[in-house]
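**Student:** have a look at this prediction, sequence included:
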Amino acid sequence: MTLPKLTEGSEHLVYLDQAKGDVVKLTRPRIFGESYFLVDGVVNQKNCTPFEYLVRLRLWKKLFGFAPLPLGITGQGQIVSRQRFIRGDPPSQEAVDRFLESAGLVPVKRSCWLWKSAADLNLMSVWVGDARCDNFVARGAEIIPIDLRLWIS
């Protein structure tokens, strides 16, 4: 791949495909994000599997209407996905919180950016983690998630 690197984080390397107006994300080798759980009110985390990472993308699309599209896996075991590049400004955390509430989520530990669905699906809840303003873009009044962690519990 000869795309210029846009940014990187603990989980992804992100490249810009300017011709298509997309970003291409590669997970770091053997890193597929985390899910979180509470023990005595304390947030704990566990590493996700590649399958759980792909489930995350499906939940993201179901909850917010769009998500990164998985494309494949590299020889090093990195999941490759593509999503549109979204121009905008960083939103406030208050705007993100209102957006999450309007999407049917309730805060579990707001100080840890941990939310879950207000209505359970087949006795399971959709959880959203890392819902901090850095993982969203504001385009006018619209708030758009660009990097979230989702799972079912």
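**Tutor:** Arrived safely. Residues are numbered from 1 along each chain as shown.
**Student:** surely residue 101 is in a helix?
**Tutor:** Yes: residue state for residue 101 (DSSP: H, G, I helix; E, B strand; the rest coil) corresponds to a helix.
**Student:** burial check on it, number of neighbours?
**Tutor:** 13 (other C-beta atoms under 10 Å). No exception for glycine: its C-beta is placed from N, CA and C like everyone else's.
**Student:** from residue 55, how far out is it?
**Tutor:** 24 Å (C-beta to C-beta, to the nearest Å).
**Student:** residue 75 now?
**Tutor:** 23 Å.
**Student:** please say which of these two ends up with more neighbours.
**Tutor:** Between residue 75 and residue 55, residue 55 has the larger neighbour count (other C-beta under 10 Å), namely 16 against 5.
**Student:** so that one: helix, strand or coil?
**Tutor:** Secondary structure, three-state DSSP: residue 55 is helix.
**Student:** wait, what's in contact with it?
**Tutor:** With contact taken as C-beta atoms under 8 Å, 6 or more residues apart in numbering, residue 55 is in contact with 150-152.
**Student:** residue 92 versus that one, what's the distance?
**Tutor:** 30 Å.
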